[in-house]
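Novice: quick one: sequence and predicted model below, then my questions.
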Amino acid sequence: MLVGKSDIIKLPFEVVLPYNSTMKSLRPVILILLCVILSVTLAYAQSAKTTPFHPTTAVSGKVLYGQYCAVCHGIDGKGSGPAAVALKQRPTDLTQLNHQNGGLFPEEHFMKMMNGELSTAAHGSANMPIWGSDFRKTASNPNLAQDRIYSLMNYIEGMQTK
């Protein structure tokens, strides 16, 4: 079958490819597929941003870390949890906090972050919930919420690389 001049695309290096009616009819299908892929990707990214708070009875720092932190920061605290790939910014490597703060664990900074008094690009935004305020909202008394925060802080302090 001969191809008409209107159905030919010329490339700079003199290769002629047919651009026939079959290719023309696939254009809307390809466009629809790209739109579907884009909308699924955006929906996944939106769902990854919201982390619902589930009340807990735990007081152990290790258990609290596993329930609230490990999904993003990873069990080992290095920022490689299963949800990390869906975040815009990689979660902080919690094992390096001492190293990043002159060899001392940044206790005051940690407490301010947990209580929502400080924020960083990922912490306190839609990407990182402020668990301290959630602990206070659901605790039977304020001391229990504070105990959970201290317990979590002590657990993370124990993760520090030497």
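Specialist: Yep, that arrived.
Novice: so who does the nearest residue to residue 156 once chain neighbours are set aside touch?
Specialist: Distances taken as CB to CB, 6 or more residues apart in numbering place residue 94 nearest to residue 156, at 5.3 Å, with adjacent residues excluded. For glycine as for every other residue, the C-beta is placed from the backbone atoms N, C-alpha and C. Applying CB atoms under 8 Å, 6 or more residues apart in numbering to residue 94 gives the contacts 69, 73, 77, 78, 79, 156, 159.
Novice: my read: the last one touches residue 77, true?
Specialist: It refers to residue 159. Yes - if you go by CB atoms under 8 Å, residue 159 and residue 77 touch, sitting 4.5 Å apart.
Novice: let me see the domain layout of this structure.
Specialist: In terms of domains, the chain is parsed into 5-48, 52-158 (source: automatic domain parsing).
Novice: pLDDT score for the residue nearest to residue 156?
Specialist: Residue 94 carries a pLDDT score of 95 in this model.
Novice: what distance do you get for it to residue 133?
Specialist: Residue 94 sits at a distance of 20 Å from residue 133 (criterion: CB to CB, to the nearest Å).
Novice: which strand or helix spans residue 143?
Specialist: Assigned by DSSP states H and E, residue 143 belongs to helix 142-158.
Novice: how about that helix: buried residues?
Specialist: Within helix 142-158, the residues scored as buried using 16 or more other CB atoms under 10 Å are 145, 146, 148, 149, 150, 151, 152, 153, 155, 156, 157.
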